[in-house]
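Visitor: Below are the sequence and a predicted model; questions follow.
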Amino acid sequence: MSVNLRALVPRSIACTVTGLDRYGKPVSYNLANDFHARVFQHEIDHLDGKFFIDLVTRKDTFTEFAEWEKYWKK
């Protein structure tokens, strides 16, 4: 089942991601690009068990995809 809901989720425009590589060595990424920072934050939310519905601060932005494209997409 596919849910076709969208909403605005506040995200930082830059972030630093730290972790371990596949060999167990520390790695760190400074993501200054808005798109890449948003993607990493989104994926880390998955790993932390967070759902986007819990992160939405403006409930009035919930909409189906067609309306999202028309009214909310930058």
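Guide: It's in. Numbers count the residues shown, from 1 in each chain.
Visitor: so how far is Phe52 from His14?
Guide: Not His; residue 14 is Ala. Remark: distance between Ala14 and Phe52 (C-beta to C-beta, to the nearest Å) = 20 Å. Yep, even glycine has a C-beta here, placed from its N, CA and C like the rest.
Visitor: now Trp68
Guide: Trp68 is 13 Å from Phe52, where distance means C-beta to C-beta.
Visitor: More neighbours: those two, which one.
Guide: Neighbour count, other C-beta atoms under 10 Å: between Trp68 and Phe52, Trp68 has more, with 17 against 14.
Visitor: leaving aside the residues next to it on the chain, what's closest to the more buried one?
Guide: Among residues not flanking Trp68 along the chain, Arg6 sits closest, at 4.0 Å (C-beta to C-beta, 6 or more residues apart in numbering).
Visitor: How is the nearest residue to Pro10 once chain neighbours are set aside assigned, secondary-structure-wise?
Guide: Among residues not flanking Pro10 along the chain, Thr57 sits closest, at 5.7 Å (C-beta to C-beta, 6+ apart). Under DSSP: H, G, I helix; E, B strand; the rest coil, the three-state class of Thr57 is coil.
Visitor: residues in contact with the most far-flung residue of the chain relative to its centre?
Guide: In the chain, counting by C-alpha atoms, centre = their mean, Tyr23 sits farthest out from the average C-alpha position, at 26.9 Å. Taking C-beta atoms under 8 Å, 6 or more residues apart in numbering, we find Tyr23 in contact with no residue.
Visitor: Let me see the backbone angles for it.
Guide: Main-chain dihedrals, Tyr23, degrees, to the nearest 10: phi -100, psi 0.
Visitor: Done for today, thanks.
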